[in-house]
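Engineer: structure, please.
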Amino acid sequence: MSKRRSIILAVEVEGLSQADAARLYGVSRSWVSKLIARYRLEGDAAFEPRSRRPRTSPNATPPEVIELIIERRRTLTSQGLDAGAETIRWHLQRRNNVAVSPATIRRVLHRAGLIEPAPKKRPKSSYIRFQADLPNEMWQTDMTHVRLADNTDVEVLTWLDDHSRYALDVTAFVVVNSRTVVTSFRETAGQHGHPASVLSDNGMYYTARFARGGRTGLNRFETLLAELGIEQKHARPNHPTTCGKVERFQQTMKKWLRARPAPATITDLQVLLAEFVEHYNHHRPHASLGRTTPAAAYTRLPKTGPTSSPAIDYRIRRDRVDTYGKVTLRYNSRLHHIGIGRAHAGTAITMLIADRDIRIIATATGELLRHLELDPTRTYQPTGKPRNP
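Structural biologist: Now for the predicted structure:
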C-alpha cells in the first residue's frame, strides 16, 4: 500500500487528525492537508501522484517543425543520403529557413523511433585523425566492387583529395590493373594538377613491392610517380583505416547506389556515379569540413604539388644467366631480356640497378659482364656484339 493511500485512509477512515497523520508518517502537515483536499475533490485519483509535466511549454518545438524534421529524415534516408541531425539541421536552415539545434533534432527522432541505438559503436574520440593542410597535398585512392543488375561485377576506381574530401574522379572499369590506374591518374591530374603524394593500399595495381618478395621492380604506376617526383605512400597491410577517407567515401557511394535500381550496364553505372559525385562534391555538407561542401573546401586554399625531385629505383638483384646467355628484368611492369653472351651461360650474377642504369657483375669473380642503360621500348637488349658466323 502506498504512503498516499495509507495517510488518506488514516484520516478519513480511522479518524486521525491531519497533524497526527503527518507526525505518524513523517511528512509535513501542509502536504497532508493538500492530499486530503484533493481526495475529497477527486476521490480515488488522489491515491496516484499527479504528473509533474508543466501545463504549458512555451519553448516546445512547434508541431510543424517536428513534421519537417521527420519528413526530411525519411526523404534523405530513402535517397540513400546521410540523414544525421547535423545534416537535417543544414537542410532545414537552407531549404526551409528554420533554425533548429542538432540536440532538438535528435530528441525528435528518438521520440519518433527513427534512431536505432548503437551501444557497441566505437566512439569517434578513439580514432586518430589526420588531414592534409592543402588541396593536392595528398590524394587517396582505392578500388571497390559494384554489381550490375545481371550480377556482373564491375570495379570502381576512386581518386579523393585528402584535405577537402573532394571526389576528383570516380570511374567504373571492367577490371582495374596498373595500366588503367596510370591512365586514370593521368586524366585526373590533367584536370586537377599533380598531387604532392598519393596514399593507397597495397594492391598489385598500385605497387609491386609484395610481388615475389618485392624483387620485381616498380610497376607502371610506381614508375610514373617516381618520374613525376610524387611521393607514394601505402597503408600498412590489413589496416584499411589508414585510407579511411576514401573507404568512407565508397561506403557512402554504395549506400546511395543501393537506394536506386541496379544499373543494367557499365555505362548506366557511370551515369549514376557522375550524378552521385556532383551531389557529394557540391550539395552535401561534410561534418569534418565544418558543414561545408568538398568543392568549397577544395577551392578555398591554393593547391600544392610535387615538391621532390624524380625518384630513382635502386635495387640489387641476384640471378643466373640462362642457357641462351641472357637474364630478365622487369621495368615499368614489362619484362625485358638482357643479352650477356652464351659464354656466360649458368654464371651467377648480381645486378646493380639504378632506374635504367644497370650493371651486371659476376658474383663469384666480381667481373663486370655488362653495363647498359635499359631501353624501355625494346623487349630484348642486345649485347651489340656481332654474331658468330
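
Engineer: look at the residue positioned nearest the centre of the chain and give its secondary structure.
Structural biologist: Within the chain, the residue whose C-alpha comes closest to the C-alpha centroid is residue 248; the distance, by C-alpha atoms, centre = their mean, is 2.2 Å. The three-state label for residue 248, taken from DSSP: H, G, I helix; E, B strand; the rest coil, comes out as helix.

Engineer: what residues are up against it?
Structural biologist: Counting by C-beta atoms under 8 Å, 6 or more residues apart in numbering, residue 248 makes contact with nothing. (Glycine included, C-beta is placed from N, CA and C.)

Engineer: do you know the pLDDT at it?
Structural biologist: The score at residue 248 is 92. That number is its pLDDT.

Engineer: how near is the closest residue to residue 45 other than its chain neighbours to residue 31?
Structural biologist: Counting by C-beta to C-beta, 6 or more residues apart in numbering, residue 38 is the residue found nearest to residue 45 once chain neighbours are left out, at 7.8 Å. Here the distance between residue 38 and residue 31 works out to 11 Å (C-beta to C-beta, to the nearest Å).

Engineer: so which residues of the stretch 151-300 of the chain form helices?
Structural biologist: If you assign secondary structure with DSSP state H, counting those that start in this stretch, the helices in the stretch 151-300 of the chain sit at 178-192, 220-228, 244-258, 266-282, 294-300.

Engineer: elements contacting the longest one?
Structural biologist: Using 3 or more C-beta pairs under 8 Å, 6 or more residues apart in numbering; DSSP states H and E, the elements in contact with helix 266-282 are strand 153-161, strand 167-173, helix 244-258, helix 294-300.

Engineer: and of those, who's closest to residue 219?
Structural biologist: Residue 219 sits nearest to strand 153-161 of all these, at 15.3 Å, using C-beta to C-beta.

Engineer: packing partners of the closest one?
Structural biologist: In terms of contacts (3+ C-beta pairs under 8 Å, 6+ apart), strand 153-161 is packed against strand 139-147, strand 167-173, helix 178-192, helix 244-258, helix 266-282.

Engineer: strands paired with it, and their directions?
Structural biologist: Sheet neighbours of strand 153-161, with direction, are listed as strand 139-147 (antiparallel), strand 167-173 (antiparallel) (DSSP bridges).

Engineer: show me this structure divided up by domain.
Structural biologist: The record, using automatic domain parsing to delimit domains, assigns the chain the ranges 3-47, 63-121, 130-300, 314-381.

Engineer: how about TSV for the ones you listed, with distance to residue 53 added?
Structural biologist: Supplementary listing: the domains of the chain in TSV, determined by distance: least, C-beta to C-beta, whole Å:
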stretch	distance to residue 53
domain 3-47	16
domain 63-121	14
domain 130-300	34
domain 314-381	72
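
Engineer: need the winner for burial among those.
Structural biologist: domain 130-300 (a mean of 18; mean count of other C-beta atoms under 10 Å).

Engineer: pLDDT weak spots in this structure?
Structural biologist: 1, 118-129, 211-216, 240, 308-313, 384-389 (pLDDT under 70).

Engineer: for the helices and strands packed on helix 266-282, which one sits closest to residue 82?
Structural biologist: When those are ranked by proximity to residue 82 (C-beta to C-beta), helix 244-258 comes first, at 7.1 Å.

Engineer: what is the orientation angle of the closest one with strand 167-173?
Structural biologist: Direction vectors for helix 244-258 and strand 167-173, defined by axes from the mean of the first three to the mean of the last three C-alpha atoms, to 10 degrees, enclose an angle of 60 degrees.

Engineer: so residue 292 sits right up against residue 284, yeah?
Structural biologist: No. Judged on C-beta atoms under 8 Å, residue 292 makes no contact with residue 284 at a distance of 10.2 Å.

Engineer: who touches both of these two?
Structural biologist: Contact criterion C-beta under 8 Å, 6+ apart; no residue bridges residue 292 and residue 284 by contacting each.

Engineer: which non-adjacent residue is nearest residue 282?
Structural biologist: Counting by C-beta to C-beta, 6+ apart, residue 282 lies nearest to residue 295, which is 4.8 Å off, once chain neighbours are set aside.

Engineer: pretty sure that neighbour contacts residue 281?
Structural biologist: Yes. With contact defined as C-beta under 8 Å, residue 295 counts as touching residue 281 (4.5 Å).

Engineer: who's in contact with the helix or strand hosting residue 77?
Structural biologist: Secondary structure assigned from DSSP states H and E places residue 77 in helix 63-78. Residues from elsewhere that reach helix 63-78 (C-beta under 8 Å, 6+ apart): 82-83, 87-88, 91-92, 96, 98, 100, 105, 108-109, 112, 114, 259.

Engineer: stretch 217-229 now?
Structural biologist: Residues external to stretch 217-229 that are found in contact with it (C-beta under 8 Å, 6+ apart): 178-179, 181-182, 185-186, 194, 198, 204-208, 231-232, 306-313, 315, 329-333, 353, 355.

Engineer: return the subset of the residues you listed lying in strands.
Structural biologist: The members of the contacts of stretch 217-229 that map onto strands under DSSP state E are 198, 231-232, 315, 329-331, 353.

Engineer: need those residues in JSON lines (columns: distance to residue 244).
Structural biologist: Converted to JSON lines, the ones in strands among the contacts of stretch 217-229 look like this (distance: C-beta to C-beta, whole Å):
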{"residue": "198", "distance to residue 244": "16"}
{"residue": "231", "distance to residue 244": "19"}
{"residue": "232", "distance to residue 244": "18"}
{"residue": "315", "distance to residue 244": "32"}
{"residue": "329", "distance to residue 244": "37"}
{"residue": "330", "distance to residue 244": "32"}
{"residue": "331", "distance to residue 244": "33"}
{"residue": "353", "distance to residue 244": "35"}
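
Engineer: endpoint to endpoint, stretch 278-296 covers what distance?
Structural biologist: Length of stretch 278-296, first residue to last, C-alpha to C-alpha, to the nearest Å: 13 Å.

Engineer: my error: substitute stretch 187-203 in the last question.
Structural biologist: 20 Å.
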